[in-house]
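Peer 1: This is a predicted model, with the sequence first.
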Amino acid sequence: MSAFLNTLARDLFPLVWSGMIVGCLYALGALGLVMIFKCSKVVNFSHGNVAGFTAFLVYGLSSGVLMSLSWGAATLLAMLCAVAIAFLIYSIISPLVFESDLTSTIATLGFGLITQGATLLIFGPDIVSLDLPIPRFAVSVLGLFVTGYDLTVLAVTVITIGALFFVIDFTKLGIAFRAISENPFAAEVCGLNLRSVHYFAWITAAILGVIGALLIVPTTFLSVTTVSTFMLQAFAAAVIGGFASLPGSLVGGVLIGVLMNLFAFYVSPEYSSTFLLGIILVALNIFPNGILEKVGGSRV
Amino acid sequence: MSDTFGQRPANASETSMLKQLTSGSLPTLALIIALAFLPAMLGGSWTFTMGLCFANSIGVLAVSLLVRYGGEVSIGHTFFTALGAYSVGVLDAKYGLSLFASLPLALLLGVAFGVIFAWPSRNLSGIYLAVTTLALALAVPEIINNLGGITGGYEGLYVSTPIVSFLEMSMQRYYFALLMLVVATYLVARLRKSRQGMLLLLAKTHSAAADAFGTRRVWARISIMGISGGIGALCGATLAFSGSTVSPGGFTFSQAIFLLVGSVVGFYGLSLPRVLLGGAFVTLVPHLLSASGAWIPVFYGIALLSMILIGHHLPRIRKAMKLRKEAG
Amino acid sequence: MTEPQTNTLRGEGISLSFGGIKVLKDLDVEFRAGEITGLIGPNGAGKTSLFNCLTGAYTPQKGNIGYAGNSLNGLPPSMRAAKGIVRSFQHVALCPDLTVRENVMIGVARNHHSGWLNAFLPLPRGQREWAAMAQDANRALADLGLAEMGDLMPDALPPGMQRLVEIARAIVGNPSVLLLDEPAAGLNNSETSDLMAVLRELASNDLVLVVVEHDMDLVMSICDRIYVLNFGELVADGTPKEVRENPNVVRIYLGSDDD
């Protein structure tokens, strides 16, 4: 019995903890996808590529490849860039959004390809390492190894999500966002501008993407595919959360993080994408409307 | 009066095959004949590339078919092409078996896995299904690499067993791909004039109406995924034979997106010229831009966007021009 | 009075609600073969919901539905269709990718069973099947005055004709129960009289024919029996004459300025 508890303490708790940390980042990515989907019914497949591009921008602006700015200035500039890209993408596809959500979703794939190519063209295919000033310490709490990185991720996630929910709950734009997500037709009849709310969602999503991308980089190196691969987990988190629920994507993100960690440790690290496919299929069959929704009857 | 109406379709169906090959598709027939003589005019390397182009056209057909008859978008069709390609590759490289054995296996696996995938995803549609196929596409390279003992891992497999003895291998690679493309587009054209095809189309547009006339939505989904998966596997088998090698690089997530791009470029058409346009796009763009790899995704992205935007804006512009003309 | 016929479509104690809103309240209905039954009532009375329960699109919370003595409870729409229970839709539900003739052919598709090989290859069985379906469809189209329209796409037809195509699709397969949801909506006078002639002809001994309709002239002149619904409850039933003279019905129709 005590041996069992020992293995639990040695393997399981650290796995769950680190899964939760990385799950927070998946949740940040998923929140962006869900924000956009909630109000415009478009799945933004360029999300990961744009976030990856901005992570490279931070690297390029702070390491001397493009400029030698401080990391803070570089991050700020990259964020502005992400906002500009989101603005541009939405401006181009907005006529499609009101016609067919599937067509506009395919169009975002096109932007994803372009951004991926642009990253390759500017920064090349090599792997780079991006150093952010994250506190480097580690403490042991009840046998759990907690690092400065873990606490940074937690803090940033809590602050970001807190700010996001504050904006959605209390600002005029946020309330318009909620109204339009509930019923776009009624909201438009009441005089709310769909387009400005869509811009709000796309820009917020871009910022969330940048934060998520920058925080994921310290755990791995930065390459063209790092962030877009990370975004698949974000997609899965969004799907599990029901794709239209902000709290759902939070739960989904943490769940995916923990499950993937457990799978990689106890089963096999080599089949993680296959496992993810399995999770998505199972989750969509058990909770077709997301993990936080009750299964209800539908009207024909 | 009603007698003549009763007879007309009976005659029509007897001659429909003839009709299809003559009046309705004369340009298609001319195109097939032109393509049959193409190798005489092209060099060896272009003949090879055109073979790949035909193979990719079949893949584009599989994606477009799912859009047209299922109303669904797949960004994971590399799963099915990989199935087909590795059926051919493994049977050839490990057992020395030719396409006579591996092609039926490829088709069988493609249909079977189409059905197997359709069952758990039967209640998903639109973006939910698209995201699920995305996960499917991402799982493919991983599975291939981890089954290195069978698939040859990163290095892949070489396909070299000829189908017939009297023709040069390079010609076999070309004509087999052409034949498969013609057969696939013919079969799909037949589907349109069949009971099952009609029911699939109704289930796509009005699933409640289809249900009320005895067609279950789940049947429609499973059928179209099975067919599309089978054609996807046919694409893979043809790619393996005509491309002579099978390696994970041919079944990446990007390749899955490129197939969708090809389908959009052909405006989801199912006719031979349309899918050929899409297939040519998928094959020739990387071929022509092979010197500058980073431009390939950019070019695909721009092409995808411009086709979508043209498809969206052109009818409106035309309408506006017409109105202006009428006013003036 | 004849013996109660066996081929009767019955609903007993049907109750249906959506999230607390009661759409149908403990309804008892009986639709006899050989009669045309009208189902009338103001908008929102639950007529289409009752149709949806009968065809299986909705599952009522309480009650039983049976046809010819057999229970239909729990059968999905496709299985009920296989028993010959067929409907038309309030909002035209034709497939825009199919020609008018092909849309009507859908109505007989359930009687044919050729396999997938016939779908892809020009095999004799599939060809025969297609020809037979086309022939049936042409006959149904001709009956409704649409003989010339077979090769057109549905979008090319005016809305009234689209509705007739839908009715053609419903009647072509010789159904045993035919539920028509506002068949005359959008039809002009001559189309309506064509439709009435067809419906009268259809009403044979073994067909249960139910019509939801707002056109009172049509209902009163062709129906043998009428059910009046209001707020999901049965207000009156009987012959057209009885219903016309029923004070409750008069009140409903004078009280609301609907149709």
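Peer 2: Yes, it's here. Numbers count the residues shown, from 1 in each chain, chains lettered A, B, ... in the order given.

Peer 1: make it CA atoms for all contacts and neighbour counts henceforth
Peer 2: OK.

Peer 1: mind listing the helices for chain C?
Peer 2: Counting by DSSP state H, chain C has helices at residues C:47-55, C:77-82, C:100-109, C:116-120, C:124-143, C:159-171, C:189-202, C:216-222, C:240-245, C:247-255.

Peer 1: Mean neighbour count, the ones you listed: which tops it?
Peer 2: helix C:100-109 (a mean of 27; mean count of other C-alpha atoms under 10 Å in any protein chain shown).

Peer 1: For that helix, give the mean pLDDT please.
Peer 2: Across helix C:100-109, the average pLDDT comes to 93.

Peer 1: now swap in stretch B:81-97 and tell me
Peer 2: 93.

Peer 1: tell me the contacts of the closest residue to C:Tyr227 other than its chain neighbours?
Peer 2: Excluding the flanking residues, the one nearest C:Tyr227 by C-alpha to C-alpha, 6 or more residues apart in numbering or on different chains is C:Asp237, at 4.4 Å. By C-alpha atoms under 8 Å, 6 or more residues apart in numbering or on different chains, the residues touching C:Asp237 are C:225-228, C:243.

Peer 1: And A:Phe145, its phi and psi?
Peer 2: Here is the backbone geometry of A:Phe145 (degrees, to the nearest 10): phi -90, psi 110.

Peer 1: Ok, the one 10 residues further on next?
Peer 2: When read as degrees, to the nearest 10, the backbone of A:Ala155 gives phi -60, psi -50.

Peer 1: follow-up on the earlier one: dump the helices of chain C to a markdown table, plus distance to chain A.
Peer 2: Conversion of the helices of chain C to a markdown table gives the following (distance: least, C-alpha to the nearest C-alpha, whole Å):
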| stretch | distance to chain A |
| --- | --- |
| helix C:47-55 | 9 |
| helix C:77-82 | 12 |
| helix C:100-109 | 21 |
| helix C:116-120 | 28 |
| helix C:124-143 | 28 |
| helix C:159-171 | 19 |
| helix C:189-202 | 28 |
| helix C:216-222 | 27 |
| helix C:240-245 | 32 |
| helix C:247-255 | 28 |
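
Peer 1: If you average pLDDT over each of these, which is lowest?
Peer 2: helix C:247-255 (a mean of 75).

Peer 1: chain center to that helix, what's the gap?
Peer 2: 26 Å (C-alpha atoms, centre = their mean, to the nearest Å).

Peer 1: Tell me which of the helices of chain C approaches A:Tyr271 most closely.
Peer 2: Each of those has some distance to A:Tyr271 by C-alpha to C-alpha; the shortest is helix C:116-120, at 35.9 Å.

Peer 1: which residues make contact with the closest one from outside it?
Peer 2: Taking C-alpha under 8 Å, 6+ apart as the rule, helix C:116-120 contacts B:187-188, B:190-191, B:193-197, C:123, C:125-127.

Peer 1: circling back to that earlier point, and the contacts of C:Asp237, which two are furthest apart?
Peer 2: C:Arg225 and C:Val228 (10.1 Å).

Peer 1: ok, the closest residue to chain C within the stretch 151-300 of chain B to C:Tyr67 distance?
Peer 2: With C-alpha to the nearest C-alpha, the shortest gap between the stretch 151-300 of chain B and chain C falls at B:Gly214, namely 3.8 Å. According to C-alpha to C-alpha, to the nearest Å, B:Gly214 stands 17 Å off from C:Tyr67.

Peer 1: So which residues on the stretch 1-150 of chain A come close to chain B?
Peer 2: A:43, A:96, A:102-103, A:105, A:107, A:109-118, A:120-121 (C-alpha under 8 Å from any C-alpha of the partner chain).

Peer 1: Selecting buried members of these in ChimeraX, what would you type?
Peer 2: Written as a ChimeraX command, the selection of buried residues from the residues of the stretch 1-150 of chain A next to chain B, which uses 16 or more other C-alpha atoms under 10 Å in any protein chain shown, is:
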select /A:43,96,102,103,105,107,109,110,111,112,113,114,115,116,117,118,120
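
Peer 1: Pretty sure A:Leu69 sits in a helix.
Peer 2: No - applying DSSP: H, G, I helix; E, B strand; the rest coil, one finds A:Leu69 to be coil, outside a helix.

Peer 1: element containing the closest residue to chain A within the stretch 101-250 of chain B, please.
Peer 2: Sorted by distance to chain A under C-alpha to the nearest C-alpha, the residues of the stretch 101-250 of chain B start with B:Ala139, at 4.7 Å. Using DSSP states H and E, B:Ala139 sits within helix B:126-146.

Peer 1: For chain C, which residue gets nearest to chain A?
Peer 2: Of all residues in chain C, C:Ala57 sits closest to chain A, at 7.0 Å by C-alpha to the nearest C-alpha.

Peer 1: Give me the pLDDT value at that residue.
Peer 2: The predicted local confidence for C:Ala57 is 86.

Peer 1: What about it, how many residues nearby?
Peer 2: Residue neighbour count, defined by other C-alpha atoms under 10 Å in any protein chain shown, stands at 20 for C:Ala57.

Peer 1: Hmm, it is touching C:Leu75, no?
Peer 2: No - counting by C-alpha atoms under 8 Å, C:Ala57 does not reach C:Leu75; the two are 9.7 Å apart.

Peer 1: between B:Gly214 and C:Tyr67, which one's more packed in?
Peer 2: Under the criterion of other C-alpha under 10 Å, the comparison of B:Gly214 against C:Tyr67 puts B:Gly214 first, with 26 against 23.

Peer 1: quick one: which helix or strand includes the more buried one?
Peer 2: Applying DSSP H and E, one finds B:Gly214 in no helix or strand.

Peer 1: again with the one 5 residues further on
Peer 2: Here B:Trp219 sits within helix B:217-243, counting by DSSP H and E.
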